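1. dropping a prediction and its sequence here:
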Amino acid sequence: MAYEKNIIKRYRLRKGLTQTELATKLGFQNGQYISNVERDLCLFSFKRYLDLQRVLGIPVHVFLDYVMAHEKQRILRGMRGAEKAD
């Protein structure tokens with residue numbers, strides 16, 4: 001299955017949740033972090049990914065594609081940063 005960039009927003013809207021409501025369910029104080037994640041400005045920790053999957057009811061195969069794509073991004077960013085430091 002192909003990676004879908006805006007999966008969090010799509011499933012959040014399906015559940016009828018605002019960014020603030022989702023943030024509260026995940027233990028954040030406001031919706032800014034959710035906004036940043038939806039715009040690919042930051043990433044969740046693995047535990048938050050699991051909480052997100054549970055809260056939004058994202059099918060496991062769709063969720064895994066999303067997480068794997070984001071973890072790949074995280075690794076590549078780290079590798080690019082290491083190359084610049086050399």
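-> Cool, got the structure.
2. CA atoms for contacts and neighbours, from now on please.
-> Fine.
3. quick one: list the elements packing against the lowest-mean-pLDDT helix or strand in the chain.
-> Least confident helix or strand, the chain: helix 60-85 with a mean of 81, by mean pLDDT, DSSP states H and E. Under the contact criterion of 3 or more CA pairs under 8 Å, 6 or more residues apart in numbering; DSSP states H and E, helix 60-85 touches helix 46-56.
4. buried residues in the helix it packs on?
-> Y49, L52, Q53, L56 (16 or more other CA atoms under 10 Å).
5. next up, the contacts around the residue lying closest to the second one once chain neighbours are set aside.
-> Leaving aside its chain neighbours, L52 sits nearest to L26 (7.1 Å; criterion: CA to CA, 6 or more residues apart in numbering). When contacts are counted by CA atoms under 8 Å, 6 or more residues apart in numbering, L26 touches R48, D51, L52.
6. what pLDDT is listed against L26?
-> L26 is assigned 94 on the pLDDT scale.
7. burial of I8, as a residue count?
-> 21 (other CA atoms under 10 Å).
8. which phi and psi does the residue lying closest to it once chain neighbours are set aside have?
-> Nearest residue to I8, sequence neighbours excluded (CA to CA, 6+ apart): E38, at 6.4 Å. Backbone geometry at E38, expressed as degrees, to the nearest 10, gives phi -60, psi -30.
9. surely E38 touches N6?
-> Yes: shown here, E38 and N6 form a contact pair, counting by CA atoms under 8 Å, at 6.3 Å.
10. between the two, which has more neighbouring residues?
-> E38 (18 against 13).
11. so who does the residue nearest to I8 touch?
-> By CA under 8 Å, 6+ apart, the neighbours of E38 are N6, I8, K9.
12. tell me how far it lies from A69.
-> 14 Å (CA to CA, to the nearest Å).
13. same question, S35
-> With CA to CA as the criterion, S35 and A69 are 18 Å apart.
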